[in-house]
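Novice: Turn this into a model:
(one chain, ligands or ions: 1)
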Amino acid sequence: MKRRELIHLAGIALAGKVLGQPSRALASGTRQRVIIIGAGISGLAAATRLNELGYNVTILESRNRLGGRIWTNDQWPKSPVDLGASWIHGVIGNPITAIAKAAGARTVTTRSDSDVIYGKDGKIITPKQESRIDELSAIINRSIRISQNANRDRSILETVRSAVKWDQLSGEDRSWVDYIINTNIEQEYAGSAADTSTYWFDSDLAFKGQDVLLPDGYQTLTTHLAKGLDILTGTTVTEVAWNLGGVSVTTNHGVIQADRVVITLPLGVLKANKVRFNHGLPAAKQKAIQVLGMGLLNKCFLRFPKVFWAADHDWLQSIGPVPGLWAEWVSYARPLGMPILVGFNAADVAKVVETWSDRKTVDSAMETLRRIYGSGIPDPVDYQITRWAADPFSLGSYSFNALGSQPGMRDDLAQRIDNRVFFAGEATDRKYFGTVHGAYLSGIRVADEISAIA
Ligand SMILES: Cc1cc2nc3c(=O)[nH]c(=O)nc-3n(C[C@H](O)[C@H](O)[C@H](O)COP(=O)(O)OP(=O)(O)OC[C@H]3O[C@@H](n4cnc5c(N)ncnc54)[C@H](O)[C@@H]3O)c2cc1C
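Specialist: Next up is the predicted model:
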């Protein structure tokens, strides 16, 4: 046993006060104590299930709010906006639908087929241009399917560029190809096409049914799940130690001990080694952390004095001079009755925009809108901008299957250690990674794993 572990497991409060005592569950029959790191949806799901099963559960959460990558900001009266997740993707059979119902949350459908595409000149693309985009999309889709059976994996960018014979394409065709890659893959999976695996990028599954927004914010669901749970916010974990007798978790407020610990740290946080594990992590888990990708999707909410855009469309797409820059917009006019446009940037473009000041970001977004709707449109009365890559407790938006990774690596990430240290979170879910429902299901999985062994 290493020295640091001896110190921790002896319950010595060198790092501060001891916040909790390990239960003597196995010896005395008292309730087993489980620490869950992270009050995102996966941690809340695990805690709820374990609570129901009679465990003594405490969640440690670094932020001063719950929800993690579910983050509703209600600074705009009557217009709460979701800075992280906003849709329940596919409502049929989706466990999040049931939670929304139980929470009494209102939902409203957005129609992904209700879109309009604007070209470089700011005008709606012509039927001829649209059919060229369809033609190129068919070539790209076919080449991806073929490449998924090739004997070597390649990045999406390499696959697509070789399929369309990029070197011989006109400038206009190139911008259509960039648009197709951005809108279908980067905006969806959040990884750069240059880093995304052709073999595995779409190895995830989806629930059927419509996509719905939550007009009162996604936090309605996390608040509902958190009812009755013991959650310590403002508590950042820096080290996890374990041995055969229990676990010891070091935080900024001291050491806390338990029988088991569930780690729901985002992949970005694991990649950055923000939390030390006293025995290190098994090689397969380390490899998964290193090779799976952490993608980036950012939003910019612009609130206007009135609606001036094509409000009958839920999605506005822009093919501008810079590929991917403000390429997708969602209008809150029809679904939510609000004069709000949400501009999205993904992957490499998002990384660049994230370094800009608020002023530069809003100016750049407005430049795109003015190209489309003219110089007479009003300035926004307010804005909200996300910067998920810089967020120290997320370090990215959600995971994707990077070149070199395989779906089995998510199982490695999910693998428990010594029946003491358990792992959940969206990145551990092989079927539904990158989503709220995937994260939720991973929390349920881990709770069931714990209850099965003890
Ligand atoms: C911009 C954006 C848009 C998205 N859109 C959608 C969508 O529309 N639909 C959808 O289904 N999914 C969407 N997602 C993905 C979805 O939000 C995530 O997959 C899901 O919320 C992840 O939940 P989680 O519990 O795995 O992780 P998290 O929610 O990140 O929870 C982990 C928690 O751990 C905490 N933590 C981190 N470090 C420490 C530490 N050292 N000590 C203690 N606590 C720590 C964090 O603060 C966080 O609360 C989106 C994500 C983003 C960022």
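Novice: going forward, measure contacts and count neighbours with C-alpha atoms only.
Specialist: Fine.
Novice: List the contacts of stretch 287-298.
Specialist: Contact with stretch 287-298 is made by 187, 189-192, 267-268, 270-271, 344-347, 350-351, 354, 385-389, 396-405, 409-410, 412-413, as judged by CA atoms under 8 Å, 6 or more residues apart in numbering.
Novice: Quick check: residue 341 is in a strand.
Specialist: Yes: according to DSSP: H, G, I helix; E, B strand; the rest coil, residue 341 belongs to a strand.
Novice: So it sits against residue 305, correct?
Specialist: No: Residue 341 is beyond contact range of residue 305, at 11.5 Å (criterion: CA atoms under 8 Å).
Novice: So which of those two has more stuff around it?
Specialist: More neighbours surround residue 341 than the other of residue 341 and residue 305, with 25 against 13 (other CA atoms under 10 Å).
Novice: how far away is the more buried one from residue 135?
Specialist: Noted for residue 341: a distance of 30 Å to residue 135, by CA to CA, to the nearest Å.
Novice: can you pull out the helices in the stretch 301-450 of the chain?
Specialist: All helices of the stretch 301-450 of the chain, identified by DSSP state H, counting those that start in this stretch, fall at 333-336, 347-354, 358-373, 408-414, 436-453.
Novice: May I see those organised as TSV, with distance to the ligand and mean neighbour count added?
Specialist: Converted to TSV, these look like this (distance: least, CA to the nearest ligand atom, whole Å; neighbours: other CA atoms under 10 Å):
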stretch	distance to the ligand	mean neighbour count
helix 333-336	15	19
helix 347-354	11	20
helix 358-373	16	17
helix 408-414	12	21
helix 436-453	4	21
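Novice: out of those helices, nearest to residue 40?
Specialist: Nearest to residue 40 among these is helix 436-453 (8.4 Å), distances taken as CA to CA.
Novice: Please state the offset of that closest one from the chain centre?
Specialist: 18 Å (CA atoms, centre = their mean, to the nearest Å).
Novice: ok, back up a step: would you mind giving me the PyMOL syntax to select the buried ones in the contacts of stretch 287-298?
Specialist: Burial among the contacts of stretch 287-298 is assessed by 16 or more other CA atoms under 10 Å; the matching PyMOL selection reads:
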select buried, resi 187+189+190+191+192+267+268+270+271+344+345+346+347+350+351+354+385+386+387+388+389+396+397+398+399+400+401+402+403+404+405+409+410+412+413
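Novice: just the CA coordinates of stretch 417-433, formatted as CSV?
Specialist: Provided in CSV are the C-alpha atoms of stretch 417-433 (Å, rounded to 0.1, in the frame of the first residue of the first chain):
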residue,chain,number,x,y,z
ILE,A,417,-11.9,-1.0,-10.4
ASP,A,418,-11.7,-3.4,-7.5
ASN,A,419,-15.4,-3.1,-6.9
ARG,A,420,-14.7,0.2,-5.2
VAL,A,421,-14.3,2.8,-7.9
PHE,A,422,-17.1,3.1,-10.5
PHE,A,423,-17.4,5.2,-13.6
ALA,A,424,-20.4,6.8,-15.3
GLY,A,425,-21.0,9.8,-17.5
GLU,A,426,-22.0,10.3,-21.1
ALA,A,427,-18.6,9.2,-22.5
THR,A,428,-19.0,5.8,-20.8
ASP,A,429,-22.1,5.0,-22.7
ARG,A,430,-21.3,3.1,-25.9
LYS,A,431,-24.8,3.3,-27.4
TYR,A,432,-25.9,6.9,-26.6
PHE,A,433,-22.7,8.9,-25.9
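Novice: And the ligand, is it touching that?
Specialist: Yes: counting by CA under 6 Å from any ligand atom, the ligand is contacted by stretch 417-433 at 425-426.
Novice: So for that stretch, what gets flagged as buried?
Specialist: Buried residues in stretch 417-433 (16+ other CA under 10 Å): 419-433.
Novice: and what of stretch 96-104?
Specialist: Residues 96-97, 99-100 are the ones in stretch 96-104 that count as buried (16+ other CA under 10 Å).
Novice: which of these are close to the ligand?
Specialist: Applying CA under 6 Å from any ligand atom to the buried residues of stretch 96-104, none is adjacent to the ligand.
Novice: Make CSV from the residues you listed and add secondary structure to it.
Specialist: What follows is the buried residues of stretch 96-104, written out as CSV (three-state DSSP):
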residue, secondary structure
96, helix
97, helix
99, helix
100, helix
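Novice: export the helices of the stretch 301-450 of the chain to a markdown table and tack on mean pLDDT?
Specialist: Listed next are the helices of the stretch 301-450 of the chain as a markdown table, based on pLDDT from 0 to 100:
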| stretch | mean pLDDT |
| --- | --- |
| helix 333-336 | 93 |
| helix 347-354 | 98 |
| helix 358-373 | 98 |
| helix 408-414 | 98 |
| helix 436-453 | 97 |
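Novice: could you redo these as TSV and give each row distance to residue 163?
Specialist: Putting these into TSV (distance: least, CA to CA, whole Å) gives the following:
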stretch	distance to residue 163
helix 333-336	38
helix 347-354	22
helix 358-373	30
helix 408-414	28
helix 436-453	32
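Novice: How about the residues of the stretch 251-400 of the chain by the ligand?
Specialist: 264-266, 297-298, 393-394, 397-398.
Novice: Of the residues you listed, which is the most crowded?
Specialist: Comparing those on neighbour count, residue 264 comes out first with 29 neighbours (neighbours: other CA under 10 Å).
Novice: and that one, what does it touch?
Specialist: By CA under 8 Å, 6+ apart, the neighbours of residue 264 are 36-38, 40, 42-43, 423-425.
Novice: list the buried ones in stretch 209-216?
Specialist: 210-216.
Novice: where does residue 246 sit relative to residue 386, distance-wise?
Specialist: 39 Å.
Novice: cool, and residue 260?
Specialist: In terms of CA to CA, residue 260 sits 34 Å off from residue 386.
Novice: do the same with residue 89
Specialist: Residue 89 is 21 Å from residue 386, by CA to CA.
Novice: same question, residue 394
Specialist: In terms of CA to CA, residue 394 sits 12 Å off from residue 386.
Novice: cool, and residue 240?
Specialist: 30 Å.
Novice: what residues are up against the one residue sitting closest to the centre of the chain?
Specialist: Using CA atoms, centre = their mean, the residue of the chain that lies closest to the mean C-alpha position is residue 398, 3.3 Å off. Each residue near residue 398 by CA under 8 Å, 6+ apart is listed here: 189-190, 266-267, 294-296, 426-427, 433-435.
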